[in-house]
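>>> no sequence for this one, just the structure:
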């Protein structure tokens, strides 16, 4: 059986019925300061309106937007600086930020695909 998701002792249904202010009171300090003191930017307010309308597959550049309970089970296309990357929000992401789930840099793999010879192989040839 799958365990029921809980965030700080609250189930997902309880979290979805909370107002943003009530959620901010139980959230971590970074998210609480964002929600209560600094507030949302204009772009974040527009994003929140689109989420409340029930839209899915929302394009955004708001990487600093905290993931709220009303965003669960929605698809977002978050900009990584070059392109939009798909992110499906699951309950475990609540309290994080959208940008945490989209890498802005590609991992570097050195010498992949190159056929380099070691000094011992060069000696064996000659």
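On my side now, so go ahead. As the structure is a prediction and not an experimental result, all values here were calculated from the model. Residues are numbered from 1 along each chain as shown.

>>> what about the residue nearest to residue 67 when sequence neighbours are not counted, neighbour count?
Once flanking residues are discounted, residue 67 sits nearest to residue 93: 4.8 Å by C-beta to C-beta, 6 or more residues apart in numbering. Just so you know, the C-beta spots here come from the backbone N, C-alpha and C atoms, and that holds for glycine as well. For residue 93, the count of nearby residues is 16 (other C-beta atoms under 10 Å).

>>> got it, and the one 5 residues further on?
Other residues within reach of residue 98, judged by other C-beta under 10 Å, total 23.

>>> Check the gap between it and residue 64 for me.
Per C-beta to C-beta, to the nearest Å, residue 98 is found 8 Å from residue 64.

>>> Equivalent analysis for residue 78, please.
For residue 78, the distance to residue 64 equals 11 Å [C-beta to C-beta].

>>> between the two, who's got more neighbours?
Between residue 78 and residue 64, counted using other C-beta under 10 Å, the more crowded position is residue 78 (21 against 14).

>>> So what touches the host helix or strand of that one?
Counting by DSSP states H and E, the element that carries residue 78 is strand 75-79. Strand 75-79 is contacted by residues 56-61, 63, 84-89, 98-99, 101-102 when judged by C-beta atoms under 8 Å, 6 or more residues apart in numbering.

>>> where does the residue nearest to residue 67 land on pLDDT?
We note a pLDDT of 94 for residue 93 in this prediction.

>>> Quick one: residues in contact with the helix or strand of the chain with the lowest mean pLDDT.
The helix or strand of the chain with the lowest confidence, counting by mean pLDDT, DSSP states H and E, is helix 119-125 at a mean of 75. With contacts defined as C-beta under 8 Å, 6+ apart, helix 119-125 is touched by residue 117.
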